[in-house]
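1. Requesting a structural model of the entry that follows:
(chains A and B)
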Amino acid sequence: MPANRKIRVLVAKPGLDGHDRGAKIIARALRDAGMEVIYTGLRQTPEMIVEAALQEDVDVIGLSILSGAHLSLTGRIMELMKQNDLADVKVVLGGIIPEEDHAALYTMGVSAIFGPGSSTDAIAEHIHRVVPA
Amino acid sequence: MTLTRRELARLLTRIENDEAAEDLARLYPQTGRAHIIGVTGSPGAGKSTLVNALARHYRAHDQTVAILAVDPTSPFSGGAILGDRVRMQDLAGDPGVFIRSMATRGALGGVAPTTLDMARALDAAGFARILIETVGAGQSEVEIARAAQTTLVVEAPGMGDDVQTLKAGILEIADILVVNKADRPGAEGAVRALRAMLELGHGLRNEGHHGRQIVSAQPPESSAETWLPPVLQTVASTGAGVPELAAQIDAHYLWLQNSGEGAARMRAQLAAELETRLRAALYARLLSQVDQELMKALLNRMETREITLYFAVDLLLKQLR
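-> Purely as a prediction, here's the structure:
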């Protein structure tokens, strides 16, 4: 990667639950891994997330979902990304996402899913691996 | 210049990464139409919320708005958390608004080296107002005055006494001073302290320091030749005072054009920008010519206190000629 380039990551919390501690921890860990993290805060709609990702020209969208609505929210976000020519942006999920839904999410095009207890290093490593230099 | 939002976003990335010399050459003739407004001030003074409120005001008057929000790069990791969008949620979904967050990437003046060029791209893309929000700035982050036509300095009540106000170099760049969170106690006091500082400075400028009268009996007023920065109160979270602020921003823009100060500032900005770029290029070129072995040898001699820093620099410079 050229010296002037930085990996840009949007960290967003779609849906209505009000817990953003996990998202903030991830934002900080990715900053410490040398990335530029655009933190958008709570209660983001899929439309807001995709629009922010487009304006910010990010390489990765990190979604923290604790509400149980991961299938519908992620599905809608992936659909909007395709409509906006953002299909090359990687989507990484975190939060509480039951094992039995993983296959469906990967089929939608999700790049990785990190559940509770995942090391932040593993998340940064994954992003470094999947973002083209 | 007609670009899709996606193309504009990618252009901004190339500019930020210093990979856009050709793009900039192409768009440069189409710049100079937007009103570029800088918003600076202490951390926590409410800059993002005020930018959001101003953007909403302009949208209500059918003017397009682009926002460049700058946050600091961590000097330790090179990463950054860019969090200004959190306070700009209610602009989401409006095609007349474009918000871009950026990190300082090591620059110390409150904005990044590429912020002005990114503003130019947004200007060429046709946005009428470009709001640049600097990092939370204290006393010397004054680069914004080079990038913006109108600079707002935002303070909040209770953030420092009169001496803080006196020290701050940041006041010297203010075209308009805003005491935000004006519903809090101490707002009137903050306004008075800022006004007193401004009048002091104004008196000094007009009378010279040998003049007998330092603060004139009549409060000074703006005229065709001089702009005296107004001190306004806002509550950005409710929008109170924002229409009055917008009116003053327009008055300043008009004054820039009518007084000739706008053209003079533009030329000074370009000269400063040219010097900065040239300095960086010269530095890089000369540094590559410095004899690394000699530098190490001199460092050794400095370590044993045989020669001073000044002597070492002198020797290195002689070797360059």
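
2. Helix or strand: which one has the residue of the stretch 151-300 of chain B found nearest chain A?
-> Closest to chain A within the stretch 151-300 of chain B is residue B:284: 12.5 Å, counting by Cβ to the nearest Cβ. Yep, even glycine has a C-beta here, placed from its N, CA and C like the rest. Counting by DSSP states H and E, the element that carries residue B:284 is helix B:261-289.

3. got the contact list for the nearest residue to residue B:107 once chain neighbours are set aside?
-> In this structure, residue B:107 finds its nearest non-sequential neighbour in residue B:113, 5.3 Å apart by Cβ to Cβ, 6 or more residues apart in numbering or on different chains. Counting by Cβ atoms under 8 Å, 6 or more residues apart in numbering or on different chains, residue B:113 makes contact with B:105, B:107, B:276.

4. Could you do residue B:255 as well?
-> B:222, B:227, B:261.

5. Is it possible to get a markdown table of these that adds pLDDT?
-> Below are the contacts of residue B:255 laid out as a markdown table (pLDDT from 0 to 100):
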| residue | pLDDT |
| --- | --- |
| B:222 | 71 |
| B:227 | 92 |
| B:261 | 93 |
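
6. Among these, name the ones that also lie close to chain A.
-> Among the contacts of residue B:255, not one lies near chain A by Cβ under 8 Å from any Cβ of the partner chain.

7. tell me which parts of the stretch 101-250 of chain B are close to chain A?
-> B:101, B:103, B:105.

8. I'd guessed the second one sits against residue B:111; true?
-> No - counting by Cβ atoms under 8 Å, residue B:103 stays clear of residue B:111, with 10.5 Å between them.

9. so where is the stretch 151-300 of chain B shaky, pLDDT-wise?
-> Residue ranges of the stretch 151-300 of chain B with pLDDT under 70: B:159-168, B:201-221.

10. Neighbours of residue B:144, how many?
-> Neighbourhood size, residue B:144 [other Cβ atoms under 10 Å in any protein chain shown]: 28.

11. list the contacts for it?
-> Listed by Cβ under 8 Å, 6+ apart, the contact partners of residue B:144 are B:38, B:40, B:109, B:110, B:111, B:132, B:134, B:137, B:151, B:173.

12. Check residue B:233 too.
-> Applying Cβ under 8 Å, 6+ apart, one finds that residue B:233 lies in contact with B:178, B:179, B:180, B:182, B:187, B:191, B:241.

13. Going through those residues, which ones are buried?
-> B:178, B:179, B:180, B:182, B:187, B:191, B:241 (16 or more other Cβ atoms under 10 Å in any protein chain shown).

14. can you redo those as TSV with secondary structure and distance to residue B:79?
-> Formatted as TSV, those follow (DSSP: H, G, I helix; E, B strand; the rest coil; distance: Cβ to Cβ, whole Å):
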residue	secondary structure	distance to residue B:79
B:178	strand	31
B:179	strand	34
B:180	coil	29
B:182	coil	35
B:187	helix	37
B:191	helix	39
B:241	coil	36
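
15. State the pLDDT value of the residue nearest to residue B:107.
-> Note for residue B:113: predicted pLDDT of 88.

16. so how many other residues sit close to residue B:223?
-> For residue B:223, using other Cβ under 10 Å, the count is 10.

17. tell me the secondary structure for it?
-> Look at residue B:223: counting by DSSP: H, G, I helix; E, B strand; the rest coil, its state is coil.

18. Up against chain B, what does chain A have?
-> Proximity of chain A to chain B, by Cβ under 8 Å from any Cβ, involves residues A:2, A:4-6, A:8, A:27-28, A:30-41, A:45, A:47-48, A:51-52, A:54-57, A:84-86.

19. Can you tell me the centre-most residue of chain B?
-> residue B:144 (1.5 Å; Cα atoms, centre = their mean).

20. How about the nearest residue to that residue once chain neighbours are set aside: which residues does it bridge to?
-> Counting by Cβ to Cβ, 6+ apart, the nearest residue to residue B:144 once its immediate chain neighbours are dropped is residue B:38, at 3.9 Å. Per DSSP bridges, the residues bridged to residue B:38 are residue B:132, residue B:151.

21. ok, residue B:38 touching residue B:134?
-> Yes - with contact defined as Cβ under 8 Å, residue B:38 counts as touching residue B:134 (6.7 Å).
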